[in-house]
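K.L.:
Provide a 3D model corresponding to the input given below.
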Amino acid sequence: MKNSFLLLIFLVFGLNAFAQEARPLQQYQLIGQGSVKTKNYYLLSLIKHDPAVIRLLENDAVLADIAVKRNAAINASLTACKDYICFTQNLKFTDEQIKTVGERLAALYSPLNALGKLVKTQLIPSGTHVLYEKLAPRQLLVKAWEIEAAGINQVIGVYAEGKKPNYPTIDSISFNVHSKGYTTQMFNAVATLYDETRNSKLFFQAPLTAALIFLDINERTDAANDEPMAATVNKAAVEKAKTVDWNKYKYSVILVPGAGPGESGMALSAEGMLRCRLGANRYFEGLAPFIMTSGGRVHPFKTKFCEADEMKKYLIESLHVPASAIIVEPQARHTTTNIRNGVRLMYHYGFPFGKPAITCTDKSQSEYIEKTMAERCMKELGYMPYKLGKRLSDTEQEFYPLIESLQINPLEPLDP
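P.N.:
As a prediction, the model looks like this:
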């Protein structure tokens, strides 16, 4: 009896200790092929991929009640609602629901069950909530839920209700919510949502689907630009990275941030071309085996041109850089995420993570990265995605990648 008791103590505390020591793994393969859903809501995406966890959550009376009541409220809204705000109120999580779900997830979590296994073998190794890796796994799970729920509410608020995003000039809703036809459009969207989710017993299915629908009809699927990148636009570079002798190079990559044109119909700005030329010069000098072009579909509002893709074309067609030496990062919308997203690709593509890289851009942006951007990173991201190294010139700055870059930010759904 004594030995059995000691074995039980070892299993419980040993597994907890193992889970707490678990860290992001560079060889971990993210699920979902870079979809908008997985980029923004990785915990919820993992749950959707795990039948055992789904059963556990659906069989919980409290969580099931939330799903049933929400589905009933959405159905009732199709006859009762006369304005768009009435519709959206049934789609978002309330503060009380977020709190209740967090408590239920904490209660259901065990290192020995399917939810515990998901946290230990998927969520923590993914690094998508790496800022909370020092928390106990149960607490990390709750924190991940709270962040992703807040992100869903943010999407519905901006892309259904017309609230201002952090960057209104480039990221706002595509529709006039005060137009005569908008309530009808909202009815159609909610009717479609209900048709897709009415039989689901998952407590988050309807709000999650709502967020994805509103991003879709607003043409705001920027988080999935060019995905799956490793199998398409970056395939040649990813294959090349497997054979690179990194010791031959001082830096792992030359990161060239985009400069979006301000004019509609213009594919690449003059500033973008000049930045590419600087990056190509450093590449041909042999500083690094790769150039990374970074920037999404940003300027002007809802442009169809992607900065990273257009810079890659220019590097190949005009500057004769080999396609296999170019990595595109086509999702960043700001200088902060040029570097953060670039670090993520370096990590997932197997680059030596302790090796420095360089930014290569015009003098003013390079000075901004060195002197000002840290404050903006802390304000907007909540962490530093890099550590600065030496300044090499007016246009080149060393930086070292940091693991914190893996943390997702669902509150910025176009560039999470």
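K.L.:
all strands for this structure, in order.
P.N.:
Along the chain, the stretches classed as strands by DSSP state E are 254-257, 291-294, 326-329, 357-360, 386-391, 396-401.
K.L.:
packing partners for the fourth one?
P.N.:
Okay, so that is strand 357-360. On a contact count with 3 or more C-beta pairs under 8 Å, 6 or more residues apart in numbering; DSSP states H and E, strand 357-360 meets strand 254-257, helix 270-284, helix 335-348, strand 396-401. Every residue, glycine included, has its C-beta placed from N, CA and C.
K.L.:
and if we set it to 10 Å?
P.N.:
strand 254-257, helix 270-284, strand 291-294, helix 335-348, helix 363-371, strand 386-391, strand 396-401 (3 or more C-beta pairs under 10 Å, 6 or more residues apart in numbering; DSSP states H and E).
K.L.:
can you check the first one too?
P.N.:
In this structure, strand 254-257 makes packing contacts with helix 270-284, strand 291-294, helix 307-317, strand 326-329, helix 335-348, strand 357-360, helix 363-371, strand 396-401, judged by 3+ C-beta pairs under 10 Å, 6+ apart.
K.L.:
And for the last one?
P.N.:
Using 3+ C-beta pairs under 10 Å, 6+ apart as the contact test, the elements touching strand 396-401 are strand 254-257, helix 270-284, helix 335-348, strand 357-360, helix 363-371, strand 386-391.
K.L.:
For it, the averaged confidence score.
P.N.:
Mean pLDDT, computed over strand 396-401, is 98.
K.L.:
Tell me what angle that strand forms with helix 363-371.
P.N.:
For strand 396-401 against helix 363-371, the angle by axes from the mean of the first three to the mean of the last three C-alpha atoms, to 10 degrees is 40 degrees.
K.L.:
Give the pairing partners of strand 396-401; include direction for each.
P.N.:
strand 357-360 (antiparallel), strand 386-391 (antiparallel) (DSSP bridges).
K.L.:
tell me which residues in the first one are buried?
P.N.:
This means strand 357-360. Going by neighbour count (16 or more other C-beta atoms under 10 Å), the buried part of strand 357-360 is A357, I358, T359, C360.
K.L.:
Could you check how far the first one is from E367?
P.N.:
Spelled out, it's A357. According to C-beta to C-beta, to the nearest Å, A357 stands 18 Å off from E367.
K.L.:
what do you get for the third one?
P.N.:
Here the criterion is C-beta to C-beta. By it, T359 lies 11 Å from E367.
K.L.:
cool, and K92?
P.N.:
Remark: distance between K92 and E367 (C-beta to C-beta) = 42 Å.
K.L.:
Between the two, which has more neighbouring residues?
P.N.:
Of the pair K92 and E367, K92 is the one with more neighbours under other C-beta atoms under 10 Å, namely 20 against 16.
K.L.:
Name all residues that make contact with L345.
P.N.:
Contact analysis of L345 by C-beta atoms under 10 Å, 6 or more residues apart in numbering lists 229-230, 234, 237-238, 253, 255, 290, 292, 294, 327-329, 331, 351, 401, 405.
K.L.:
what's the spacing between it and A308?
P.N.:
Distance from L345 to A308, by C-beta to C-beta: 11 Å.
K.L.:
Need the residues touching each of the two.
P.N.:
M229, M292, S294, I327, V328, E329, Q331.
K.L.:
Can you get me a residue count around the residue nearest to G350 when sequence neighbours are not counted?
P.N.:
Once flanking residues are discounted, G350 sits nearest to A241: 5.9 Å by C-beta to C-beta, 6 or more residues apart in numbering. Applying other C-beta under 10 Å, we find 20 other residues in the vicinity of A241.
K.L.:
dump the residue contacts of A241.
P.N.:
By C-beta under 10 Å, 6+ apart, A241 lies in contact with N234, S252, V253, P289, F290, S324, I327, M346, Y349, G350, F351.
K.L.:
could I get these as a markdown table with pLDDT and neighbour count?
P.N.:
Formatted as a markdown table, the contacts of A241 follow (pLDDT from 0 to 100; neighbours: other C-beta atoms under 10 Å):
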| residue | pLDDT | neighbour count |
| --- | --- | --- |
| N234 | 98 | 25 |
| S252 | 98 | 26 |
| V253 | 98 | 31 |
| P289 | 98 | 22 |
| F290 | 98 | 26 |
| S324 | 98 | 16 |
| I327 | 98 | 29 |
| M346 | 98 | 25 |
| Y349 | 97 | 21 |
| G350 | 96 | 13 |
| F351 | 97 | 22 |
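K.L.:
which two in these are spaced the farthest apart?
P.N.:
Between any two of these, the greatest separation by C-beta to C-beta is 16.4 Å, found for S324 and M346.
K.L.:
State the distance from the nearest residue in space to K250 that is not next to it in sequence to A357.
P.N.:
Distances taken as C-beta to C-beta, 6+ apart place L287 nearest to K250, at 5.7 Å, with adjacent residues excluded. Taking C-beta to C-beta as the measure, L287 falls 10 Å from A357.
K.L.:
and what of V36?
P.N.:
For V36, the distance to A357 equals 27 Å [C-beta to C-beta].
K.L.:
what sits in contact with each of L287 and A357?
P.N.:
The overlap between the contact sets of L287 and A357 (C-beta under 10 Å, 6+ apart) consists of Y251, S252, V253, I254.
K.L.:
If you rank every helix and strand of the chain by mean pLDDT, what lands last?
P.N.:
Ranking every helix and strand in the chain by mean pLDDT, DSSP states H and E puts helix 2-21 at the bottom, with a mean of 44.
K.L.:
Please compute how far stretch 196-211 lies from its chain's middle.
P.N.:
Distance of stretch 196-211 from its chain centroid, counting by C-alpha atoms, centre = their mean, to the nearest Å, is 21 Å.
K.L.:
Quick check: mean pLDDT of it?
P.N.:
Here the average pLDDT along stretch 196-211 is 97.
K.L.:
same check, this time on stretch 126-142
P.N.:
The average pLDDT for stretch 126-142 rounds to 98.
K.L.:
Can you list the buried residues in the top helix by length along the chain?
P.N.:
Scanning the chain for the helix with the most residues, using DSSP state H, yields helix 137-159. Buried residues in helix 137-159, counted by 16+ other C-beta under 10 Å: 137-138, 140-149, 151-159.
K.L.:
got the domain boundaries for this structure?
P.N.:
Following automatic domain parsing, one gets these domains for the chain: 16-220, 223-406.
K.L.:
Span of the last one from start to end?
P.N.:
Read that as domain 223-406. Start and end residues of domain 223-406 are separated by 14 Å (C-alpha to C-alpha, to the nearest Å).
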